[in-house]
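Trainee: Sequence and computational prediction follow.
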Amino acid sequence: MPESEDPKQVSNNDLRNSQFGGGFINAEIVNAGRIGGDIYNIHLGQQTVTSGNSIQSQNQRQRSQSEKDSLEKAYSLQSQKVANLRTALVLETDVSRKFQYEHQLQSEERTLKELGDKLNVIEQQLQVAENSGLRADTSIYIERPPIEDKCYKAIVQPGALIRLKAPQRMGKTLLLEKTLDYARQQGYQTAKLDLQLADVDILTNLKTFLQWLCVDVADSLELEPQLEKHWQEVFGLNKNCTRYFQKYLLSLTDTPLVLAIDNFERLFEYAEIFPQFCLLLRGWYEAAKQGDKIGNIWKKLRLVVVHSTESYPSLDSNHSPFNVGLAIDLPEFNLQQVTTLAKQQDLGLLKEQDLAQLMELVGGHPYLVQSAIAHLKSQQVTLEELLRLAPTEQGIFSDHLRQQLWHLQHNPQLELGYKKVVRANAPVRLDTEVAFKLYSLGLIKLSSNDCVPSYDLYRQYFSTRLG
């Protein structure tokens, strides 16, 4: 280090030359609000999510991809900053400086989490855009009996609670929309809350989150929020939210209200919100069992919770919404359903053995199967080429595979665990939390308590990509 350089001054994202064991990392230089300088000033508010049959413009997709690239760079820099601070904390011996390091590390870890949350949001937006490019193909819904019938029968029951669970891109949201459509056909009101689109600021404060919930549902029903009238500070937060639904949203009409909460797993990492909100939902479910006037009000509420994993924080069984109601674990397509999909998309010339060959590579994963069929239909690639190139960067799944690789590379525990899984010739036992996170990403299947790669596509691709 040059003699003229102050050992206490450290550049924005490089702590390698900082003076540990006596030198404090200057908080003004390593600023949690400026990741890698001002070039990573990310504005997600300009993004929009397509719905129905609309197709996101190419320019908008390019902007989204550009912002994702910037976020990934920022996340990598911030990850290095956090890692270096952790090293500094271990090496530091001075008690007061160790306390300062701990405080600074907490701030930097919050910033890292915020960047990760923003990346999740923009990735979902890009997934929507990607799917919309093949909208004529992917909008076809393939039923997986008797699941749909179970949902339809449950949603008309007073005080119903339905829990839809499956890894990412397995069709949970499509099933949710089918269920909501059925409810609307019965004359019910519906409101859908997508937690993946919630700002980080909303998820860090319980009062803000519950008020956002109240306003969002009112907006879905085209009602004025009226929080000032129904929210009284003398009551607790859960009590206020309950009063708002009971005295306002559920009392205006005798029509049942279906409240769907998509991407519920996003709350798992927010310790202030998750247990309290679960207690609230369980309380609403139990209130509908009462035989009095209050119970009759809550019987009008039907809840649908959608999540991608069961790896949620510990809850008192009496306070959890995850052990009551109807549980739906959404399976893959079977060969008959894949054959039906191919025929509906005018690929009837594909023989059953051809589709079986495709399923040897990607199983019955709805997104992967639909993507393959869409490319085969457009004659962009032959089946032989598709199968040969699939686990490479030239294959049609390259964007999806790189996105999964990014998730692994930015979580060392997941990367190490998955490396063991794809390189083993037998099921592998992993830490429970790691296993459930890999399951949530759709990368593994669980065999009792052990893990195997979900599909041969993943085994081939990741066994060579994970160093």
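Mentor: Looks like it arrived, so ask away.
Trainee: Pull the number of nearby residues for residue 317.
Mentor: The local packing of residue 317 (other CB atoms under 10 Å) involves 10 other residues. Where you see a C-beta, it was placed from the backbone N, CA and C, and this is true even at glycine.
Trainee: Quick check: nearest residue in space to it, chain neighbours excluded?
Mentor: The shortest distance from residue 317 to any non-neighbouring residue, by CB to CB, 6 or more residues apart in numbering, is to residue 323 (5.9 Å).
Trainee: Let's verify the one you found: helix, strand, or coil?
Mentor: coil (DSSP: H, G, I helix; E, B strand; the rest coil).
Trainee: That one: how many residues sit nearby?
Mentor: Per other CB under 10 Å, the neighbour tally for residue 323 reads 12.
Trainee: quick one: it and residue 285 touch, right?
Mentor: No. When contacts are counted by CB atoms under 8 Å, residue 323 is not listed as touching residue 285 (10.8 Å).
Trainee: Mean pLDDT per helix and strand in the chain: which one sits at the bottom?
Mentor: Least confident element among the helices and strands of the chain, by mean pLDDT, DSSP states H and E: helix 135-138 (a mean of 42).
Trainee: Moving C-terminal from it, which element do we reach first?
Mentor: helix 147-155 (DSSP states H and E).
Trainee: Run through who's touching that following helix.
Mentor: Residues from elsewhere that reach helix 147-155 (CB atoms under 8 Å, 6 or more residues apart in numbering): 160, 162, 164, 175, 178-179, 182-183, 186, 188, 258, 302, 304, 325-326, 328, 330-331.
Trainee: Going along the chain from it, find the next helix or strand for me.
Mentor: By DSSP H and E, the next helix or strand past helix 147-155 is strand 161-165.
Trainee: Can you give the distance of whatever helix or strand residue 369 lives in from its chain's centre?
Mentor: If you go by DSSP H and E, residue 369 is part of helix 366-377. Put simply, helix 366-377 sits 22 Å off its chain's centre (CA atoms, centre = their mean, to the nearest Å).
Trainee: helices or strands next to it in the packing?
Mentor: Counting contacts by 3 or more CB pairs under 8 Å, 6 or more residues apart in numbering; DSSP states H and E, helix 366-377 is packed against helix 135-138, helix 335-344, helix 352-362, helix 383-389, helix 398-409.
Trainee: Which of these sits closest to residue 281?
Mentor: With CB to CB as the measure, helix 398-409 is the member of the helices and strands packed on helix 366-377 nearest residue 281 (28.1 Å).
Trainee: Report the buried residues of the closest one.
Mentor: 400, 401, 403, 404, 405, 407, 408 (16 or more other CB atoms under 10 Å).
Trainee: so how far is the first residue of stretch 122-142 from its last?
Mentor: Start-to-end span of stretch 122-142 (CA to CA, to the nearest Å) is 27 Å.
Trainee: Just the pLDDT at residue 311, thanks.
Mentor: pLDDT, residue 311: 63.
Trainee: sorry, that was for residue 63
Mentor: 68.
Trainee: Low-confidence regions, the stretch 51-200 of the chain specifically.
Mentor: Applying pLDDT under 70 to the stretch 51-200 of the chain picks out residues 51-63, 123-139.
Trainee: in it, which spans are strands?
Mentor: 161-165, 189-194 (DSSP state E, counting those that start in this stretch).
Trainee: Make TSV out of these and add mean neighbour count.
Mentor: TSV is the format used below for the strands of the stretch 51-200 of the chain (neighbours: other CB atoms under 10 Å):
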stretch	mean neighbour count
strand 161-165	22
strand 189-194	18
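Trainee: Format those strands as CSV; extra columns: distance to residue 446.
Mentor: Below are the strands of the stretch 51-200 of the chain laid out as CSV (distance: least, CB to CB, whole Å):
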stretch, distance to residue 446
strand 161-165, 13
strand 189-194, 27
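Trainee: Which one, of these, ends up nearest to residue 437?
Mentor: That would be strand 161-165 among the strands of the stretch 51-200 of the chain, by CB to CB, at 14.3 Å.
Trainee: Parallel or antiparallel, list what pairs with that closest one.
Mentor: Here strand 161-165 is paired, per DSSP bridges, with strand 301-307 (parallel), strand 326-329 (parallel).
Trainee: Off-centre distance for the longest one?
Mentor: I take that to be strand 301-307. How far strand 301-307 lies from its chain's middle: 16 Å, per CA atoms, centre = their mean.
Trainee: what's the answer for the last one, then?
Mentor: Mean-position distance between strand 326-329 and its chain equals 18 Å (CA atoms, centre = their mean).
Trainee: same check, this time on stretch 403-415
Mentor: Counting by CA atoms, centre = their mean, stretch 403-415 comes out at 15 Å from the chain centroid.
Trainee: quick one: average confidence on that stretch?
Mentor: Mean predicted confidence for stretch 403-415 is 93.
Trainee: same deal with stretch 370-386?
Mentor: Averaged over stretch 370-386, pLDDT sits at 90.
Trainee: Quote the end-to-end distance of it.
Mentor: End-to-end distance for stretch 370-386: 13 Å, by CA to CA.
Trainee: Now it: buried residues?
Mentor: For stretch 370-386, using 16+ other CB under 10 Å, the buried residues are 370, 371, 372, 373, 374, 375, 376, 377, 381, 383, 386.
Trainee: same deal with stretch 204-214?
Mentor: For stretch 204-214, the buried set under the neighbour-count rule, 16+ other CB under 10 Å, comprises 206, 209, 210, 211, 212, 213, 214.
Trainee: With that, I have no additional questions.
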